[in-house]
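Participant: Structure, please.
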Amino acid sequence: MTHMTSRPRTPLTVGFDLDMTLIDSRPGIHACFQELSERTGTYIDCDLVVTRLGPPLEEELVNWFPAEEVAAVADVYREMYPTYAITATPAMPGAREAVTAVQAAGGRAIVVTAKWEPNAKLHLKHLRIDADAVIGNLWAEQKAQALREYGASVYVGDHTGDVRGARTADAYSVAVPTGPCDAAELRAAGADVVLADLTEFPAWLTGYCEARPQV
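Facilitator: Numbering: from 1, shown residues only. Sure, this is the predicted structure:
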């Protein structure tokens with residue numbers, strides 16, 4: 001008598017955005033921009049800055065500094081960032097549990113973010129969020145580079161740029177309206193599913209894993 005064995009599935013890899021997905025970076029970034037304003041003598045509306053987090057730092061700085069100064073100012077910002085932003089930044093509700101859920105399912109949880117990679121790693125270390133890999137300096141469609149390299153089948157983010165990154169990588173786009181984009185914007189951008197926040201992710205992941213095709 002012979003018996004059939006099911007073919008193994010491809011390893012599960014889920015990517016997560018960082019700012020406003022895994023971490024509430026508003027207080028830390030607000031503090032950092034406030035200090036940047038004081039150091040440079042340049043007015044910056046820090047309350048406005050934290051309403052549009054997601055894109056690379058340089059895209060925000062160009063609103064406040066001449067284009068030819070942006071690169072140098074960005075270096076100053078990133079250098080002082082650990083002092084002003086890390087301890088001020090909490091995890092988003094459900095962030096640790098979302099990452100743990102992926103790993104408990106036998107998968108890898110990676111972080112793909114536009115943030116400068118060393119500072120992204122400092123956030124995760126401080127908050128004890130144990131991602132399997134952290135890839136920084138990638139925004140929107142560029143995120144597909146890392147998602148493809150790591151074989152991610154799901155990407156979780158809060159911005160329409162994250163949705164575009166997932167779709168470019170042919171990954172399933174899971175969106176949370178915890179950042180600057182509301183649920184309607186995320187759906188319009190092409191998100192496959194919109195959760196209220198990451199506290200809903202583990203239950204969603206259970207259903208996703210059960211439905212994953214054998215390969």
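
Participant: CA atoms for contacts and neighbours, from now on please.
Facilitator: Will do.

Participant: And the strands in the protein?
Facilitator: With DSSP state E, the ranges of strands along the chain come out as 13-16, 108-112, 133-135, 154-157, 172-175, 193-194.

Participant: Does anything pack onto the last one? Which helices or strands?
Facilitator: It stands for strand 193-194. strand 172-175, helix 183-189 (3 or more CA pairs under 8 Å, 6 or more residues apart in numbering; DSSP states H and E).

Participant: ok, that strand: who's next to it in the sheet?
Facilitator: Strand pairing for strand 193-194, using DSSP bridges, gives strand 172-175 (parallel).

Participant: Give me the residues contacting the strand it pairs with.
Facilitator: 153-159, 163, 166-167, 186, 190-195 (CA atoms under 8 Å, 6 or more residues apart in numbering).

Participant: Swap in 6 Å and give it another go.
Facilitator: Residues outside strand 172-175 that contact it (CA atoms under 6 Å, 6 or more residues apart in numbering) are 153, 154, 155, 156, 157, 158, 163, 166, 191, 192, 193, 194.

Participant: Hmm, the fourth one is touching residue 19, no?
Facilitator: No - the pair formed by residue 156 and residue 19 falls short of the contact definition of CA atoms under 6 Å, at 11.4 Å.

Participant: still on that earlier bit, can I get the contacts of strand 172-175 in TSV with pLDDT?
Facilitator: Shown next, in TSV, are those (pLDDT from 0 to 100):
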residue	pLDDT
153	97
154	98
155	98
156	98
157	98
158	98
163	98
166	98
191	98
192	98
193	98
194	98
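
Participant: Let's see the ChimeraX selection covering just the buried ones among these.
Facilitator: Selection of the buried residues among the contacts of strand 172-175 in ChimeraX, burial being defined by 16 or more other CA atoms under 10 Å:
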select :153,154,155,156,157,158,163,166,191,194
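
Participant: Do a quick rundown of the helices in the protein.
Facilitator: Taking DSSP state H, the helices of the chain run over residues 26-40, 46-49, 57-61, 70-85, 95-104, 117-127, 143-149, 160-168, 183-189, 201-211.

Participant: tell me the domain ranges of the chain?
Facilitator: 13-24+90-211, 26-85 (automatic domain parsing).

Participant: of all the helices of the chain, which gets the most neighbours per residue?
Facilitator: Of all these, helix 160-168 carries the top mean neighbour count, a mean of 25, counting by mean count of other CA atoms under 10 Å.

Participant: and the angle for that helix with strand 108-112?
Facilitator: Here helix 160-168 points in a direction 130 degrees away from that of strand 108-112 (axes from the mean of the first three to the mean of the last three CA atoms, to 10 degrees).
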